[in-house]
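K.L.:
turn this into a structure:
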Amino acid sequence: MRLTVLPIPGVGPEDVLVHDLGPHTGSLVVGVDDGSLLRITPDGRRATRVASTGGRPLGLEWLPDGRVLVCDSTRGLLAVDLASGAVEPLVSTLGGRAMRFCNNAAVAADGTVWFTDSSLHHGREQWEEEMAQDTRTGRLLRRDPDGRVDVVLDDLSFANGVVVDPGGAWITVNETGAARIRRHHLSGDRAGTTDVLVDGLPGYPDNASLGTDGLVWVALASPVVPLLAVIHRLPPVLRRASTRAPAALRPSPRRSVRVQAYDGATGTLVHDLDATPQAVGDRAFHFVTGVREHHGRVWLGSLEEPAVAVLDGTRGTGN
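P.N.:
You can find the predicted model right below:
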């Protein structure tokens, strides 16, 4: 397994999308901290600014009409035309209240959008406060093709990455703060019920995506920090107080490069790809927040790095 880091002209490509449409087949699309969406060649040698959200793009997905669905942490859910740069707001408020932390999404074949709002109290800039305080106000939401928006799940611990089953049987949502993956059943005898697909993850799950291999791929932004688990057991007032402690005393993410892939029907771990020794050795890449498996290559995004990365030689790599 080889980790290749590709510098880009921007910071914080939180997610990475593979372009399989038209003349740009094989290129990548990322969003960076100045609001730009960039199209990047797979070798990283050319990057073109194709649009700007005017906010902070996080999760990216394709819409059925070829536009890119953008979860913008400050502007909400957007549809962006890469050819013209036009931006159409889809969801910016819920119940008359602005979204604080639109984070990740998945799109069903009929255009239904499943997306997360990570917190009612903290925006992206306060993600560390949300992790420590564990307000459990994250939500999984659904936008129907006619524009109606409903809350499907609430009381989630830092709701994050979303994957929808192509067959319409289930949807998964990552709870970053709880280091677990929930599954909500959409059809069959268990329709409308929710269970835990995977618990006790070795790291904090960020974005998720459905690979071309049909698996649920999950980015683990950092290994689990034991001190954070201790803080989560404290009363709310003490959890809030912990965020005012000196930086050296607060829990912080560790440098790592790790992603996993699960069978969405059974929760079976299929791949566990850990390139942390490569990342730590040369300080080249860390804080993996986005993952996209595309025909055996695994593309990685990072909220902090001025680069994307790719893992090659992963076929046949199990747990």
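K.L.:
what comes up buried for stretch 109-123?
P.N.:
Across stretch 109-123, burial judged by 16 or more other Cβ atoms under 10 Å covers 112-120, 122-123. All C-beta atoms are positioned from the backbone trio N, CA, C, and that covers glycine.
K.L.:
farthest pair within those?
P.N.:
For the buried residues of stretch 109-123, the farthest-apart pair by Cβ to Cβ is Thr112 and His122; their separation is 27.3 Å.
K.L.:
in the stretch 201-319 of the chain, where is pLDDT below threshold?
P.N.:
The model of the stretch 201-319 of the chain has pLDDT under 70 over residues 248-249, 277-283, 315-319.
K.L.:
can you show me the helices along the chain?
P.N.:
127-133, 226-232, 236-242, 276-282 (DSSP state H).
K.L.:
can I get those in a markdown table with distance to Ser84 and mean neighbour count?
P.N.:
Below are these laid out as a markdown table (distance: least, Cβ to Cβ, whole Å; neighbours: other Cβ atoms under 10 Å):
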| stretch | distance to Ser84 | mean neighbour count |
| --- | --- | --- |
| helix 127-133 | 32 | 22 |
| helix 226-232 | 44 | 15 |
| helix 236-242 | 45 | 13 |
| helix 276-282 | 37 | 14 |
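K.L.:
dump these to TSV, plus distance to Gln260.
P.N.:
Output for the helices of the chain, formatted as TSV (distance: least, Cβ to Cβ, whole Å):
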stretch	distance to Gln260
helix 127-133	20
helix 226-232	20
helix 236-242	28
helix 276-282	13
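K.L.:
tell me which residues touch Asp150, please.
P.N.:
Applying Cβ atoms under 8 Å, 6 or more residues apart in numbering, we find Asp150 in contact with 141-142, 144.
K.L.:
between the residues you listed, which is nearest Arg255?
P.N.:
The closest of the contacts of Asp150 to Arg255 turns out to be Leu141 (Cβ to Cβ; 32.4 Å).
K.L.:
wait, doesn't that closest one sit right on Phe115?
P.N.:
Yes. The pair Leu141 and Phe115 qualifies as a contact (Cβ atoms under 8 Å) at a distance of 5.5 Å.
K.L.:
now the common contact residues for the two.
P.N.:
Common neighbours of Leu141 and Phe115, counting by Cβ under 8 Å, 6+ apart, are Val91.
K.L.:
Ala247 and His286: what is the separation?
P.N.:
Using Cβ to Cβ, to the nearest Å, we find Ala247 at a distance of 18 Å from His286.
K.L.:
leaving out sequence neighbours, find the closest residue to Leu238.
P.N.:
Once flanking residues are discounted, Leu238 sits nearest to Ile231: 7.9 Å by Cβ to Cβ, 6 or more residues apart in numbering.
K.L.:
hmm, Met131 and the one you found touching each other?
P.N.:
No. Using Cβ under 8 Å, Ile231 is not in contact with Met131, being 9.0 Å away.
K.L.:
overlap in contacts of the two?
P.N.:
Taking Cβ under 8 Å, 6+ apart as the criterion, Ile231 and Met131 both touch Pro251.
K.L.:
how close does Leu58 sit to Pro166?
P.N.:
Per Cβ to Cβ, Leu58 is found 23 Å from Pro166.
K.L.:
more neighbours: which of these two?
P.N.:
Taking other Cβ atoms under 10 Å, Leu58 and Pro166 do not tie; Leu58 has more neighbours (30 against 11).
K.L.:
residues contacting the more buried one?
P.N.:
14-15, 31, 70-73, 102-104, 124, 207.
K.L.:
what distance do you get for it to Ala229?
P.N.:
25 Å.
K.L.:
do Leu69 as well
P.N.:
34 Å.
K.L.:
and if you look at Arg136?
P.N.:
Per Cβ to Cβ, Arg136 is found 15 Å from Ala229.
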